[in-house]
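K.L.:
what shape does this take:
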Amino acid sequence: MDEYNQINLTIDWHQLIKDYQQKFSHNRVREKNKSYQLFPQATPQTPQTIRLRDYQQEAVINWFKNKGRGTLKMATGSGKTITALAIATELYDKIKLQVLLIICPYRHLVVQWQKECIKFNLNPILAFESVYNW
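P.N.:
This next block holds a predicted model:
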């Protein structure tokens, strides 16, 4: 322990900064001249071929009245997927929704959602099977 007490532990921080700046001031990140292609962000939108039924519009309104809380309890084949995507489209318009996570219990439902998402100008990433397919 005595040998550690004899070491001068005074650090000149200003000198360290100065040395660092001198050492690396000549290093610049350079980028080759390349052209970049910009891809417009996909904007979710309800397709012109789809018109929400009255009960679907009512479900969208009720969902917003409940501050985005609730479940779409509708009969089989009544358009829950379309209604949910209409809600997502409104969320994008109002608050610039960036991510939409859809969880399905069965693979065939994942594929069904994928097909409907594409109609709404969404580009879904399917996360099932191997992580290497994501």
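
K.L.:
all helices of the chain, in order?
P.N.:
2-5, 13-24, 54-65, 80-95, 107-119 (DSSP state H).

K.L.:
just the ones you listed: most buried one?
P.N.:
helix 80-95 (a mean of 17; mean count of other C-beta atoms under 10 Å). C-beta coordinates here come from the backbone N, C-alpha and C atoms, glycine included.

K.L.:
that one packs against which elements?
P.N.:
helix 54-65, helix 107-119 (3 or more C-beta pairs under 8 Å, 6 or more residues apart in numbering; DSSP states H and E).

K.L.:
out of those helices, which is closest to Q22?
P.N.:
Proximity to Q22 (C-beta to C-beta) singles out helix 107-119 among the helices and strands packed on helix 80-95, at 54.8 Å.

K.L.:
between the closest one and helix 80-95, how big is the angle?
P.N.:
40 degrees (axes from the mean of the first three to the mean of the last three C-alpha atoms, to 10 degrees).

K.L.:
alright, I will stop here.
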